[in-house]
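In: okay, structure incoming, though there's no sequence with it:
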């Protein structure tokens, strides 16, 4: 079978690579989506094929609840979706809370080229940021089922990358750290 590469149907600027999953996790308000978007922009600007899977967006589609059990069930679906796309050669950037050790372990066992990124932002900083008024509403008794407050957070035991994403380290700095890891990983894969 002959393929005509001059037909204009092929984007030769897209880099050929193996699929990967960057599982960006942290407490609510730690900047997962923001860091994921900056990392995505870095990858796309260098010709990589990537997509973002955002937990907040998926929650709107899947319509899951907020209890520990429901969150774990949703995270399992996110993991399987990430695996599906990465097996097709796509770099998947998952910006998800999913602070559940059983999910993190499943990902490591079942997803090739899985990279766990932990945004380690102290609760005190998150309370100051108070994204979506989540932390102030919790203190006022208006909401519950908040990971890190009334639901235990299973922080990653050995993340591949840990970023602070507060103080002197901006979201762009955090994204650059992840991108540098990616470049190093890619060089190792070529050996």
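Out: Now that the structure is in, tell me what you want to look at. Bear in mind that the values here come from a model prediction, so they are computed numbers and not experimental data.

In: where along the protein do the strands fall?
Out: Assigned by DSSP state E, the strands in the chain fall at 20-25, 50-54, 91-95, 114-119, 161-163.

In: could you dump those to JSON lines with mean pLDDT, mean neighbour count and distance to residue 183?
Out: Where C-beta positions appear, they are placed from N, C-alpha and C, glycine not excepted. As requested, the strands of the chain are exported to JSON lines (pLDDT from 0 to 100; neighbours: other Cβ atoms under 10 Å; distance: least, Cβ to Cβ, whole Å):
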{"stretch": "strand 20-25", "mean pLDDT": "97", "mean neighbour count": "28", "distance to residue 183": "12"}
{"stretch": "strand 50-54", "mean pLDDT": "96", "mean neighbour count": "18", "distance to residue 183": "14"}
{"stretch": "strand 91-95", "mean pLDDT": "98", "mean neighbour count": "27", "distance to residue 183": "12"}
{"stretch": "strand 114-119", "mean pLDDT": "97", "mean neighbour count": "22", "distance to residue 183": "13"}
{"stretch": "strand 161-163", "mean pLDDT": "96", "mean neighbour count": "19", "distance to residue 183": "13"}
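
In: now the ones you listed in a markdown table, please, with extra columns for distance to residue 175.
Out: Listed next are the strands of the chain as a markdown table, based on distance: least, Cβ to Cβ, whole Å:
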| stretch | distance to residue 175 |
| --- | --- |
| strand 20-25 | 10 |
| strand 50-54 | 12 |
| strand 91-95 | 10 |
| strand 114-119 | 10 |
| strand 161-163 | 9 |
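
In: may I see the buried residues of stretch 110-130?
Out: The neighbour-count check on stretch 110-130 (16 or more other Cβ atoms under 10 Å) flags 111, 114, 115, 116, 117, 118, 119, 121, 126 as buried.

In: the last one reaches residue 26, doesn't it?
Out: No: contact between residue 126 and residue 26 fails when scored by Cβ atoms under 8 Å: they sit 9.1 Å apart.

In: mind listing what residue 44 touches?
Out: The contact partners of residue 44, by Cβ atoms under 8 Å, 6 or more residues apart in numbering, come to residue 50.

In: and which of the buried residues of stretch 110-130 is nearest residue 149?
Out: Nearest to residue 149 out of these is residue 126 (Cβ to Cβ; 9.9 Å).

In: quick one: contacts for that closest one?
Out: Taking Cβ under 8 Å, 6+ apart as the criterion, residue 126 is in contact with 27, 28, 29, 30, 135, 148.

In: any idea how far residue 181 is from the third one?
Out: Think residue 29. As for residue 29, its distance to residue 181 is 23 Å (criterion: Cβ to Cβ, to the nearest Å).

In: so which of those two has more stuff around it?
Out: The neighbour count for residue 29 versus residue 181, taken as other Cβ atoms under 10 Å, is higher for residue 29 (20 against 16).

In: show the pLDDT at that one.
Out: Note on residue 29: pLDDT of 94.

In: just to check, residue 119 is in contact with residue 35?
Out: Yes: using Cβ under 8 Å, residue 119 is in contact with residue 35, at 6.6 Å.
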